[in-house]
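> 3D model of this:
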Amino acid sequence: DDAADGAWNMALDRAIQLEHAETDAPPTLRLYRWSLPTVTLGRFQDAAGIDFAACEREGVEVVRRFTGGRGVLHDDELTYAIIAGERDGIPRGVAASYALLCTALAEAYRLLGVTDAGLTSRPRGERGSAACYLHATHADLSLGAAKLSGSAQVWHGGTCLQHGSFTRTREVGREAGVFRLAPPAQQALARDTATLADVLGLSPSFDAIADAVVQGLSSALSVTVEPGEYSEREVRRATDLLDEVQVRAPK
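Numbers count the residues shown, from 1 in each chain. Model (predicted):
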């Protein structure tokens, strides 16, 4: 997709999921970018952990996603969303579905040159932080002790929505400001995360990342990925969901 604002990206992911769950809409892989830096809050996350003044200074949008977890600052990345269900061979249950889908993501990293990416072996992180990348869970991909990519998931009926990021570079200072990170937590963010540029010494193009994700998904899940268009129903439904993802600064 072309870059879009955060509210549209989150609403469209959910609209596609709802249409898949409630109609015969096909499974979908979305690959998209962000028109400006954007914080997505987990569905039930308290917005008080966000420094809205810092967001305004930095030109950062804040929206809420339909999946759980903690806040993510999306900037120089390609984001994926996989919408598929039990009828497509996705196992029911968070652990089993994460394990299957992250196999495809690990293959995408391998194709990009990150050969040792794998599911995080044990949960770890800063208990009180609002920032997702200061936490590692069994849903994440790591390189050794460094977190590469987080994923978030929600089910509706028999349909799963999982989305996450392929991060090219990270501005640690901006992320620390947005999430009110004290200096030790900012140091941990720099130390315990890894971007594609960190690992490879360069930032792969967005097209290269997209190609790797498509190939990884095709290979790991034995599926064929074909270009498609959003249906009119998906677009209308996304438009109707925009109010649900808006976040306003606490008074």
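
> which outside residues touch the lengthiest helix in the chain?
For the chain, the helix with the greatest residue count under DSSP state H is helix 94-112. Residues outside helix 94-112 that contact it (Cβ atoms under 8 Å, 6 or more residues apart in numbering): 80, 82, 90-91, 115, 117-119, 138-139, 141, 148-149, 151, 153, 160, 162, 164, 166, 196, 200, 204, 208-209, 211-213, 215-217, 219-221. All C-beta spots, glycine's among them, are computed from the backbone N, C-alpha and C.

> what about burial for these, which qualify?
When these are checked for burial by 16 or more other Cβ atoms under 10 Å, the buried set is 80, 82, 90, 117, 119, 139, 141, 148-149, 151, 153, 160, 162, 164, 166, 196, 204, 209, 211-213, 215-217, 220-221.

> now, which of those residues lie within helices?
Using DSSP H, the buried ones among the contacts of helix 94-112 in helices are 196, 209, 211-213, 215-217, 220-221.

> Dump those residues to CSV, plus distance to residue 25 and pLDDT.
Shown next, in CSV, are those (distance: Cβ to Cβ, whole Å; pLDDT from 0 to 100):
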residue, distance to residue 25, pLDDT
196, 32, 95
209, 25, 98
211, 25, 98
212, 26, 97
213, 21, 97
215, 24, 97
216, 23, 96
217, 18, 96
220, 23, 91
221, 18, 91
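
> Now these in JSON lines, please, with extra columns for distance to residue 189.
Converted to JSON lines, these look like this (distance: Cβ to Cβ, whole Å):
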{"residue": "196", "distance to residue 189": "17"}
{"residue": "209", "distance to residue 189": "22"}
{"residue": "211", "distance to residue 189": "29"}
{"residue": "212", "distance to residue 189": "25"}
{"residue": "213", "distance to residue 189": "25"}
{"residue": "215", "distance to residue 189": "30"}
{"residue": "216", "distance to residue 189": "27"}
{"residue": "217", "distance to residue 189": "29"}
{"residue": "220", "distance to residue 189": "30"}
{"residue": "221", "distance to residue 189": "32"}
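
> what's the distance between the most centrally placed residue in the chain and residue 152?
Closest residue to the average C-alpha location of the chain: residue 164 at 2.0 Å, with Cα atoms, centre = their mean. According to Cβ to Cβ, to the nearest Å, residue 164 stands 7 Å off from residue 152.

> What ranges in the stretch 1-150 of the chain fall below the confidence cut-off?
Where the stretch 1-150 of the chain drops to pLDDT under 70, the residues are 119-139, 145.

> Please enumerate the helices of it.
6-22, 52-58, 94-112 (DSSP state H, counting those that start in this stretch).

> Tell me which residues are up against the second one.
Residues from elsewhere that reach helix 52-58, judged by Cβ under 8 Å, 6+ apart: 37, 39, 60-62, 174, 177-178, 180, 249-250.

> Pull out the buried residues from that helix.
Buried residues in helix 52-58, counted by 16+ other Cβ under 10 Å: 52, 55, 58.

> Kindly report the same for the last one.
Residues of helix 94-112 classed as buried by neighbour count (16+ other Cβ under 10 Å): 94, 97-98, 100-112.

> just the first one next, same as before
By neighbour count, and taking 16+ other Cβ under 10 Å as the criterion, the buried residues in helix 6-22 are 6-21.

> For the spatially closest residue to residue 249 that is not a sequence neighbour, give its distance to residue 18.
Distances taken as Cβ to Cβ, 6 or more residues apart in numbering place residue 52 nearest to residue 249, at 3.8 Å, with adjacent residues excluded. Distance of residue 52 to residue 18, given as Cβ to Cβ: 30 Å.

> quick one, which of the helices of the stretch 1-150 of the chain is nearest to residue 241?
Minimum separation from residue 241 across the helices of the stretch 1-150 of the chain (Cβ to Cβ) falls at helix 6-22, 4.0 Å.
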